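Enquirer: Let's see this in three dimensions:
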Amino acid sequence: MSEIKIAHHLQHERAAADRTLFGLWMYIMTDLLMFAVLFAVYAVLQNSTAGGPHGHDIFSLNFVMIETLLLLTSSLTCGLASLSAKNKDKKQLFIWLVATFLLGAMFLSLEVWEFSKLVNEGHTVSTSAFLSSYFALVGNHGLHILAGLIWIIVSSIFIRKRGLTHHMQRKINAFSMFWHFLDIVWIFIFTLVYLRAFI
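Expert: Modelled structure (predicted):
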């Protein structure tokens with residue numbers, strides 16, 4: 001009888017894992033479509049400056065390189081957190097989650113600072129179609145980073161209270177996929193928005 005219960009429990013766990021994975025992929029695909037639209041809008045409007053500045057006039061490539069380095073390093077620490085969760089190493093998991101959080105928070109802080117600098121210089125959403133599309137694309141990515149940071153905090157609280165259960169392992173894996181997705185989106189932003197402005 002106990003073997004039947006164990007088999008039923010394992011089957012339930014697998015079904016839950018499949019549902020989580022399917023739901024995550026559905027979310028990522030819809031998010032991908034949204035970013036694709038934002039990229040398309042930016043591509044069309046990047047030269048619509050209304051006599052105002054172009055990207056190469058207001059962007060700092062060195063500054064964006066620092067942002068990129070922070071986010072790509074956070075991708076590494078996030079991957080290590082996922083491996084720690086898989087190995088049920090709670091201590092290492094917290095270390096890598098904290099590292100990912102700090103790197104992500106630094107990235108987001110730099111992005112907010114960049115936005116505030118542009119606004120203080122008079123380069124706002126209403127200045128031109130180029131800046132509207134820029135703020136929409138990069139700002140949307142920043143909001144996703146903020147959501148990821150909140151995800152880390154909530155997951156850490158649950159793990160502290162309930163332990164590293166199978167359910168939480170799935171959550172950490174889902175977070176890892178989400179965070180890597182944001183890194184990929186940022187690589188496209190870095191290439192198509194910032195790097196292209198100087199080519």
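
Enquirer: got the contact list for residue 182?
Expert: Contact analysis of residue 182 by Cβ atoms under 8 Å, 6 or more residues apart in numbering lists 71, 141, 144, 145, 148. Any C-beta I mention is one placed from the backbone N, CA and C, and that applies to glycine too.

Enquirer: buried residues in whatever helix or strand the second one lives in?
Expert: Following DSSP states H and E, one finds residue 141 within helix 129-162. Judged by neighbour count using 16 or more other Cβ atoms under 10 Å, the buried positions of helix 129-162 are 129-138, 141-142, 144-145, 148-149, 151-152, 155-156, 159.

Enquirer: the inter-axis angle of the next helix or strand after that helix versus helix 129-162?
Expert: Counting by DSSP H and E, the next helix or strand C-terminal to helix 129-162 is helix 166-189. Interaxial angle, helix 166-189 versus helix 129-162 (axes from the mean of the first three to the mean of the last three Cα atoms, to 10 degrees): 160 degrees.

Enquirer: Name the next helix or strand downstream of helix 166-189, please.
Expert: Following helix 166-189 toward the C-terminus (DSSP H and E): helix 196-197.

Enquirer: related to what we said a few turns ago, I'd like the contacts of residue 182 laid out as a markdown table, including pLDDT and distance to residue 79.
Expert: Formatted as a markdown table, the contacts of residue 182 follow (pLDDT from 0 to 100; distance: Cβ to Cβ, whole Å):
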| residue | pLDDT | distance to residue 79 |
| --- | --- | --- |
| 71 | 97 | 13 |
| 141 | 98 | 20 |
| 144 | 97 | 18 |
| 145 | 98 | 17 |
| 148 | 97 | 14 |
